[in-house]
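[1] No sequence on hand, only this structure:
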């Protein structure tokens, strides 16, 4: 694909990911043997790293502390090619972290998010990167952002800015999205997050479209993707069967694949779904949040 000169601007969570994989079924109230693994993480950071490893220009808008974790996050981002000039460093703060407790089969048993710094990405803080967003090819924002950040980003998109893609992060944080979502080109979420909008999936899809969302991609894990656009019947895309090593990061890889495809054609959501599923399948086969062997050649492979 042709590499755009304008960056993909990714806004949201930047944190240390700690993964603790249980060696046997959990025993509540007791010490449980596990394997420990630590990597850079954060939903939008993981999306950004996938995109950078694919050879696409990426700029990160996030916040870190001035601790060892923050230095690690910035160094690793620079190593894979992310522009971190818009990352805010908070003096005397500990960087955000996310701890995933995984079942022996790799499924998520418990997630623990300690992420106060992303809460500081309010409209005044985001004003510092306004020029960066104005020249973006695509803007990607994750659901970790505070509630008052969304009206600013949506207004920029409605005003002729780059297409805005929202990536949900949890059922609890779905409430952060405003009622008026006009300007949101695409929202990527899973079935649990969709259920926070309405009990019935069809009603939830209709409600989000009525609020202004252009397209919805709903992940059903191993059952694939549901794609919904206003005025059309929803379409289903099957997931590729793979041997799962670790589910952490697969959803972020899905989002990155979708965003990479949208650079070719921002309205070809079917192609975006296919590429997203391919990248998610690859990521499920590694313990890392982002597949370490990912390169631009991935985009050259037949769809």
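    Yep, that arrived. Here the structure is a predicted model, which is why all the values come from computation and not from measurement.

[2] From here on, just use CA atoms for contacts and neighbour counts.
    Noted.

[3] and residue 230, how many neighbours does it have?
    16 (other Cα atoms under 10 Å).

[4] What residues does it make contact with?
    206, 209, 214-215 (Cα atoms under 8 Å, 6 or more residues apart in numbering).

[5] Let's have those in CSV, adding secondary structure and distance to residue 37.
    Listed next are the contacts of residue 230 as CSV, based on DSSP: H, G, I helix; E, B strand; the rest coil; distance: Cα to Cα, whole Å:
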residue, secondary structure, distance to residue 37
206, helix, 40
209, helix, 39
214, coil, 38
215, strand, 35
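
[6] of the residues you listed, closest to residue 50?
    Nearest to residue 50 among the contacts of residue 230, counting by Cα to Cα, is residue 215 at 22.0 Å.

[7] Name the residues linked to the closest one by a beta bridge.
    Counting by DSSP bridges, residue 215 forms beta bridges with residue 186.

[8] For burial, what's the neighbour tally of it?
    Counted with other Cα under 10 Å, residue 215 comes out at 21.

[9] Correct me if wrong: residue 13 contacts residue 118.
    Yes. Assessed by Cα atoms under 8 Å, residue 13 is found in contact with residue 118 at 5.9 Å.

[10] what touches both of those two?
    62-63, 144-145.

[11] Nearest to residue 234 among those?
    residue 144 (27.2 Å).

[12] would TSV of the shared contacts of residue 13 and residue 118 with neighbour count, distance to residue 166 and pLDDT be doable?
    As requested, those are exported to TSV (neighbours: other Cα atoms under 10 Å; distance: Cα to Cα, whole Å; pLDDT from 0 to 100):
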residue	neighbour count	distance to residue 166	pLDDT
62	28	15	97
63	27	18	97
144	25	10	95
145	23	10	97
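
[13] just to revisit the earlier point, so for residue 13 and residue 118, which residue has more residues nearby?
    Shown here are residue 13 and residue 118; by other Cα under 10 Å, residue 13 has more neighbours (31 against 24).

[14] ok, the residue nearest to that one when sequence neighbours are not counted - how many residues close by?
    Closest residue in space to residue 13, ignoring its immediate chain neighbours: residue 42 at 4.6 Å, by Cα to Cα, 6 or more residues apart in numbering. Residue 42 has 28 neighbours, counted by other Cα under 10 Å.

[15] quick one: the helices in the stretch 1-150 of the chain?
    Taking DSSP state H, counting those that start in this stretch as the test, the helices found in the stretch 1-150 of the chain are 43-53, 68-79, 123-127, 130-134, 149-158.

[16] how about low-confidence regions in the stretch 1-150 of the chain?
    With pLDDT under 70 as the threshold, the stretch 1-150 of the chain has low-confidence stretches at 1-5.

[17] Please enumerate the strands of it.
    Remark: strands assigned in the stretch 1-150 of the chain by DSSP state E, counting those that start in this stretch are 8-11, 15-22, 34-41, 58-61, 63-65, 82-83, 88-90, 97-102, 108-114, 138-142.

[18] To residue 165, which of those strands lies closest?
    From the strands of the stretch 1-150 of the chain, taking Cα to Cα, the stretch that ends up closest is strand 138-142, at 4.8 Å.

[19] thinking again about what came up before, which residues sit in contact with the residue nearest to residue 13?
    Contacts of residue 42 (Cα under 8 Å, 6+ apart): 12-17, 98.

[20] Can you flag the buried ones in those residues?
    With burial judged by 16 or more other Cα atoms under 10 Å, the buried subset of the contacts of residue 42 is 12-17, 98.

[21] Tell me the one of the contacts of residue 230 nearest residue 240?
    So of these, ranked by how close each gets to residue 240 (Cα to Cα), first place is residue 215, at 22.4 Å.

[22] Need the pLDDT of that closest one.
    Looking at residue 215, its pLDDT stands at 97.

[23] Am I right that it is in contact with residue 232?
    No. Checked against Cα under 8 Å, the pair residue 215 and residue 232 is beyond contact range at 10.5 Å.
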